[in-house]
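fold the following for me, if possible:
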Amino acid sequence: MDYYSRLGVNKQASPDEIKKAYKKLAMQHHPDRGGNQQTFQEINEAYDTLKDPVKRQQYDQPQPQFNQHPNGFEDIFANMFGARRQAKNADVKVRITISLEEVMTGKDVIASYNLRNGQQTDASIRIHPGVHDGEVIRYRGLGDNTFYQLPRGDLLVQVRVLAHRRFTRDGPHLYTNIDVNIFDLILGTEMIIDKLTRGPINVKIPKGTDPGTVLSIAGYGFPDMQRGRPGNLYVKIKAKTPKINDERIIEKVKILNDEINSST
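Residues are numbered from 1 along each chain as shown. Okay, the predicted model is just below:
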C-alpha cells in the first residue's frame with residue numbers, strides 16, 4: 001500500500017497537508033458513518049507513519065534489514081503461550097468525558113494520546129449514542145505500533161458521563177422532576193418542559209394527580225442498541241404550594257377546603 005496515495009497527497013506534502021487530508025478521509029470512511037473498516041484502518045496506518053518525521057524517512061528510504069524476519073515476534077509469542085497465535089502490538093487506553101446530551105446524540109471526537117515510544121498521535125473516533133458511564137469501547141487498529149512486523153494494537157476508550165442538573169439515567173430510561181401547583185394537580189393542566197435534547201414537550205397532568213406520581217412518556221429516553229428502540233422519559237410530579245398572603249383569598253380557600261372535606 002502506498003501511504004501517500006492512500007491519503008491522496010504527494011510525497012512532498014507538508015505535515016499540515018497530511019493532517020488535513022487524514023481528518024477529511026477519517027470522517028468520510030469511519031465505520032460508524034457507514035465506511036469500510038479496512039479502508040479506515042489503512043487511512044490510520046498511513047497517517048501514523050507519515051506524520052512522524054522519523055517513520056516517514058524510514059518509509060521513504062526503507063532499510064532491508066527491518067524485514068528479514070517478519071515472523072520473529074509471532075514465534076516468540078507462540079513459544080510463550082504454547083501455541084501459535086496472532087500477536088499484535090499493545091493496546092492503548094484513554095478516557096473521554098462527555099455530557100448526558102452527547103450520550104443521547106453520540107459524538108465525533110479527535111482522540112489525542114501517546115504511544116509507547118512517547119509519540120503523540122490523533123485518531124478520529126465516534127462515541128455511539130446510548131453509551132454508558134464507564135463503558136469501554138474498542139477501536140481496532142488504532143493502538144501502539146512499536147513493532148512494525150506486528151499488527152497494530154487497539155485503542156480502548158473508557159467513557160465518563162458528566163452528571164446533569166435536571167436529568168438522571170437508569171439504563172435506557174431518563175428521569176426528571178417537575179413542580180406543579182396543587183390547584184393544577186386538582187384541576188388538571190398541561191405543562192411544557194424541556195427535554196434533554198430536541199426542544200420542548202407538552203406534558204398532560206390528569207385531574208386529581210397525586211404528588212409523587214410518575215408519568216411515562218415513551219420514546220424520549222436513550223437509544224438502546226439491544227432492544228432496537230429508545231427508552232422512556234419518566235416525569236415525577238412534585239407538589240408546589242402557592243404562597244398566599246391575601247386574607248380574603250385564604251378565607252375562600254378555607255371555605256373550599258371545608259366543602260371538599262364534607263363531600264368526600
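
can you list contacts of the strand or helix carrying N257?
Secondary structure assignment for N257, by DSSP states H and E: helix 247-263. If you take CB atoms under 8 Å, 6 or more residues apart in numbering as the criterion, helix 247-263 is touched by I244. Placement of C-beta: from N, CA and C, glycine included.

which one is the spatially most central residue of the chain nearest to, not counting chain neighbours?
Nearest to the mean C-alpha position of the chain, by CA atoms, centre = their mean, lies I127 at 3.4 Å. Once flanking residues are discounted, I127 sits nearest to K107: 4.6 Å by CB to CB, 6 or more residues apart in numbering.

correct me, but that neighbour touches H128?
No - K107 lies out of contact with H128 (CB atoms under 8 Å); the separation is 9.0 Å.

the helix holding N257: how far from the chain's middle?
Its chain's average C-alpha position is 54 Å from that of helix 247-263, according to CA atoms, centre = their mean, to the nearest Å.

dump the C-alpha coordinates for that helix into PDB.
Coordinates of each C-alpha in helix 247-263 appear next as PDB, following Å, rounded to 0.1, in the frame of the first residue of the first chain:
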ATOM      1  CA  GLU A 247     -56.600  37.100  53.800                       C
ATOM      2  CA  ARG A 248     -59.700  37.200  51.500                       C
ATOM      3  CA  ILE A 249     -58.200  34.500  49.300                       C
ATOM      4  CA  ILE A 250     -57.200  32.400  52.300                       C
ATOM      5  CA  GLU A 251     -60.700  32.600  53.600                       C
ATOM      6  CA  LYS A 252     -62.100  31.400  50.300                       C
ATOM      7  CA  VAL A 253     -59.600  28.500  50.300                       C
ATOM      8  CA  LYS A 254     -60.800  27.500  53.800                       C
ATOM      9  CA  ILE A 255     -64.400  27.500  52.700                       C
ATOM     10  CA  LEU A 256     -63.500  25.500  49.600                       C
ATOM     11  CA  ASN A 257     -61.500  23.000  51.700                       C
ATOM     12  CA  ASP A 258     -64.400  22.600  54.100                       C
ATOM     13  CA  GLU A 259     -66.800  21.900  51.100                       C
ATOM     14  CA  ILE A 260     -64.300  19.400  49.700                       C
ATOM     15  CA  ASN A 261     -63.900  17.600  53.000                       C
ATOM     16  CA  SER A 262     -67.700  17.400  53.600                       C
ATOM     17  CA  SER A 263     -68.300  15.900  50.100                       C
END
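
quick one: the strands in this structure?
Assigned by DSSP state E, the chain shows strands spanning 92-98, 107-114, 120-127, 136-139, 155-161, 168-170, 173-181, 189-194, 200-205, 214-217, 233-240.
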